[in-house]
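*Asks:* sequence first, predicted model second:
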Amino acid sequence: MEERKCLLTGGNLLQAHTWKGLLQLSGIEVELRGEALLGGIGELPVDLQNVELWVCQSQLPQAQAQLDSLQCDLPKWQCVQCHEFNEGSFELCWHCSAERSEAHN
């Protein structure tokens, strides 16, 4: 089985399912991870509360190009230092200036 890479991470389940469907229509095999953990928000650590889209490593460039062509907004991310939500395009937390930290990217 081919190694998979995390395409993107976000907390919006509806948006993740939309992107998954659009990528699958383009022939890209997509795995959605973390969906079952969203019921534990408030009980689980912040870094476990994200929905992730994973694709085969060989399809990663095609999947990234497909999302770029859709001009999708990147999902917001939550700072592991101060827990503020940041826009997807931010590489530093707007509140505490901590670097964006995602376990799989």
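*Replies:* That came through fine. Numbering: from 1, shown residues only.

*Asks:* burial of residue 19, as a residue count?
*Replies:* Other residues lying near residue 19 total 24 when counted by other CB atoms under 10 Å. Using the backbone N, CA and C atoms, a C-beta is placed for each residue, glycine as well.

*Asks:* the spatially most central residue of the chain pairs with what?
*Replies:* The centre of the chain sits closest to residue 9, judged by CA atoms, centre = their mean, with a distance of 1.3 Å. Partner residues in beta bridges with residue 9, using DSSP bridges, are residue 52.

*Asks:* look at it and report its pLDDT.
*Replies:* pLDDT for residue 9: 76.

*Asks:* hmm, it is touching residue 75, no?
*Replies:* Yes - between residue 9 and residue 75 there is a contact under CB atoms under 8 Å: 6.9 Å.

*Asks:* which stretches of this structure form strands?
*Replies:* Shown for the chain, the strands assigned by DSSP state E span residues 4-10, 30-33, 51-56, 77-78, 85-86.

*Asks:* before we move on, the earlier item: now for residue 9 and residue 75: what residues contact both?
*Replies:* In the contact map built from CB atoms under 8 Å, 6 or more residues apart in numbering, no residue is linked to both residue 9 and residue 75.

*Asks:* could you dump the strands of the chain into TSV and include distance to residue 100?
*Replies:* Shown next, in TSV, are those (distance: least, CB to CB, whole Å):
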stretch	distance to residue 100
strand 4-10	10
strand 30-33	19
strand 51-56	15
strand 77-78	6
strand 85-86	7
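
*Asks:* right, and those - which one's nearest residue 69?
*Replies:* Proximity to residue 69 (CB to CB) singles out strand 4-10 among these, at 14.1 Å.

*Asks:* got the angle for that closest one vs strand 51-56?
*Replies:* 150 degrees (axes from the mean of the first three to the mean of the last three CA atoms, to 10 degrees).

*Asks:* against which helices or strands is strand 4-10 packed?
*Replies:* Using 3 or more CB pairs under 8 Å, 6 or more residues apart in numbering; DSSP states H and E as the contact criterion, the secondary-structure elements in contact with strand 4-10 are strand 51-56, helix 60-69.
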